[in-house]
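>>> structure for the following, please:
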Amino acid sequence: MENSKGCIKCGSTDADKKDVAMSGTGLSKMFDVQNNQFTVVFCKNCGYSEFYNRNSSTGSNVFDFFFG
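The predicted model follows:
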């Protein structure tokens with residue numbers, strides 16, 4: 001088996017990332033307070049995406065987590 005790392009769905013190594021914010025539940029949803037912040041890493045070939053909490057200690061290079 002080859003040891004190359006890539007998207008778990010299609011094997012592509014062409015990915016990008018985007019920062020997004022989302023509302024939670026309860027009052028934050030009712031008042032549209034988007035206090036949950038994530039970095040989304042997505043495959044440019046097939047669209048597979050993974051969300052990473054920006055407040056966690058995952059480090060600055062989320063591509064390492066995406067590609068394994």
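>>> what ranges in this protein fall below the confidence cut-off?
The chain contains residues with pLDDT under 70 at 1-4, 24-34, 56-60.
>>> mind listing the strands for it?
Residue ranges of the strands in the chain, as given by DSSP state E, are 15-22, 36-43, 49-53.
>>> so for residue 66, which of the ones you listed sits nearest?
Between residue 66 and the strands of the chain, the shortest gap by Cβ to Cβ is with strand 36-43, which sits at 4.2 Å. All C-beta spots, glycine's among them, are computed from the backbone N, C-alpha and C.
>>> name the residues of that closest one that are buried.
38, 39, 41, 42, 43 (16 or more other Cβ atoms under 10 Å).
>>> adjacent strands (with direction) for that strand?
Paired strands of strand 36-43, with direction, are strand 15-22 (antiparallel), strand 49-53 (antiparallel) (DSSP bridges).
>>> out of those strands, deepest packed?
Per residue and on average, the most neighbours among the strands paired with strand 36-43 fall to strand 49-53, with a mean of 14 (mean count of other Cβ atoms under 10 Å).
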